[in-house]
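Asker: Fold the following for me, if possible:
(one chain, ligands or ions: 2)
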Amino acid sequence: MTKRLLALVLAFLLLTGCAGRPDWQETEFFAMDTVMKLRLYGTEEPTEVFGTVIRGISALENVLSVTKEESSVARLNRGEAVTPSEDLRILLEKSIALSERTDGCLDPTIYPLVKLWGFTTGEYRVPEETEVQNALKIIGSQYISFENDMISLKNGTQLDFGAVAKGYAAEVCAKMIREAGCSGILTLGGNIQTVGEKPDGSDWRVGITDPEQPDESIAALSLQGSHAVVTSGGYQRYFEENGVRYSHIIDPATGYPAQTGLSSVTIVADSGFLADGLSTALYVMGLEAATEFWRDSDDFEMVLITQEGEIHVSEGLSSRFSCEKEYQVIEK
Ligand code: ADP
Ligand code: MG
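Answerer: Ligands and ions are numbered 1, 2, ... in the order given. Now for the predicted structure:
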């Protein structure tokens, strides 16, 4: 065999894995309005774990969905009082706390505004100013009432966990994967959750989407252990009218889609709920307020990309971040 041929064969073996079989098993399924992917390491018999995770997500969806008529959230939104499941109660409490912590930039009662702009149906429109002002009157966690173990919504406000449900689901599933003795990586739309270590000890590689070309990555993170990596971006869902882009992330202070000069926010945190909630909230805050918020916190790291294409990375991530473009490190 010539040296060149030998080198080619070796390269092929390295690429495909010497045993010709990967050390992971993967499944793909559709839930929460998005394609989900679960790759498991450390098991030859993944079917049971796949089943547990898919059932877990489906159970959460049956409680949290705004569109499934019999979900607790849909019933609350119709004005009924509901006895919350454990997950709904936790999610409500966590969402109200995060809403306070972010000065209302994340708001679980945003649904009347999301509907007004047509993001629930895809029938997008720019509403009249008076419609926005009327919807704003019923937005706010103070309209969520807890009484005798029951929850209800006052003044016609409505819940929307769209900003946190996938992150929370990823967190719940991470626990299931850990309990099954596996490691793995779960992709729920733009939410990534790594669980444990790969058997060969190598890093998890997580790409960050290029907001200008959403089919491509602009940067990558190399991570060890369990992390949630969540990106919120105006490019994920939006419509345009008269040259203005209106995105699905709404500023609860104005009632209008957030336009703060950011095109995406990626959060890395231990908790999927926190990463998902903050990715939405910091998108609403914009570069300066998000930077201040990060400086005052110690439970997450972030990558902010501006509409001008600037990339800002918080210092706790910088050694794990690779990018061919120029970027700035935000220091404490
Ligand atoms: P995605 O769900 O597309 O990954 P996000 O996590 O940023 O993106 O969540 C956006 C969704 O959250 C919107 O589609 C809407 O349902 C809801 N939402 C929009 N603005 C807010 C807000 N300020 N606070 C809470 N939820 C919001
Ligand atoms: Mg979010």
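Asker: When you work out contacts or count neighbours from here on, use the C-alpha atoms and nothing else.
Answerer: Will do.
Asker: that's a helix at P112, yeah?
Answerer: Yes. According to DSSP: H, G, I helix; E, B strand; the rest coil, the state of P112 is that of a helix.
Asker: Could I get the contacting residues of S314?
Answerer: For S314, the contacting residues are 301-303, 329-331, by C-alpha atoms under 8 Å, 6 or more residues apart in numbering.
Asker: top of these by neighbour count?
Answerer: M302 (27 neighbours; other C-alpha atoms under 10 Å).
Asker: Which strands border the helix or strand containing it, and is each parallel or antiparallel?
Answerer: M302 belongs to strand 301-306 when assigned by DSSP states H and E. Paired with strand 301-306 in the same sheet, following DSSP bridges, are strand 262-269 (antiparallel), strand 311-314 (antiparallel).
Asker: Would you mind identifying the next helix or strand past the last one?
Answerer: Using DSSP H and E, the next helix or strand after strand 311-314 towards the C-terminus is strand 321-322.
Asker: Next to ligand 1 in this structure, residues from the stretch 151-300 of the chain, please.
Answerer: With the criterion set to C-alpha under 6 Å from any ligand atom, the stretch 151-300 of the chain comes near ligand 1 through 160, 162-164, 190, 232, 236, 248-252, 276, 280.
Asker: any idea of the angle the top strand by length along the chain forms with strand 301-306?
Answerer: Ranked by number of residues, the top strand in the chain under DSSP state E is strand 213-223. Relative orientation of strand 213-223 versus strand 301-306 (axes from the mean of the first three to the mean of the last three C-alpha atoms, to 10 degrees): 160 degrees.
Asker: Could I get the buried residue list for the helix or strand following strand 213-223?
Answerer: The helix or strand immediately downstream of strand 213-223 is strand 227-233, counting by DSSP H and E. Going by neighbour count (16 or more other C-alpha atoms under 10 Å), the buried part of strand 227-233 is 227-233.
Asker: Partner strands of strand 227-233 and their direction?
Answerer: Strand pairing for strand 227-233, determined by DSSP bridges: strand 191-195 (antiparallel), strand 262-269 (antiparallel).
Asker: and the shortest one, which residues are buried?
Answerer: So that's strand 191-195. By neighbour count on 16+ other C-alpha under 10 Å, the buried set for strand 191-195 is 191-195.
Asker: need the next SSE after it, C-terminal direction.
Answerer: strand 204-210.
Asker: One more: the last one?
Answerer: Next along the chain after strand 262-269, taking DSSP H and E as the criterion, comes helix 272-285.
Asker: which other residues reach stretch 128-137?
Answerer: Contacts of stretch 128-137 (C-alpha under 8 Å, 6+ apart): 112-113, 116, 252, 254-256.
Asker: does ligand 1 sit close to stretch 56-67?
Answerer: No. If you take C-alpha under 6 Å from any ligand atom as the test, stretch 56-67 misses ligand 1, and the best it gets is 9.3 Å.
Asker: Pull out the buried residues from that stretch.
Answerer: Quick answer for stretch 56-67 (16+ other C-alpha under 10 Å): 56-58, 60-66.
Asker: The residue lying closest to L153 once chain neighbours are set aside: what's it in contact with?
Answerer: Leaving aside its sequence neighbours, L153 sits nearest to I144 (C-alpha to C-alpha, 6 or more residues apart in numbering; 4.9 Å). Under the criterion of C-alpha under 8 Å, 6+ apart, the neighbours of I144 are 151-154.
Asker: for those, which one is nearest ligand 2?
Answerer: Ligand 2 has its nearest neighbour among the contacts of I144 in L153, at 22.4 Å by C-alpha to the ion.
Asker: Need phi/psi at that closest one.
Answerer: According to degrees, to the nearest 10, the main-chain angles of L153 amount to phi -120, psi 130.
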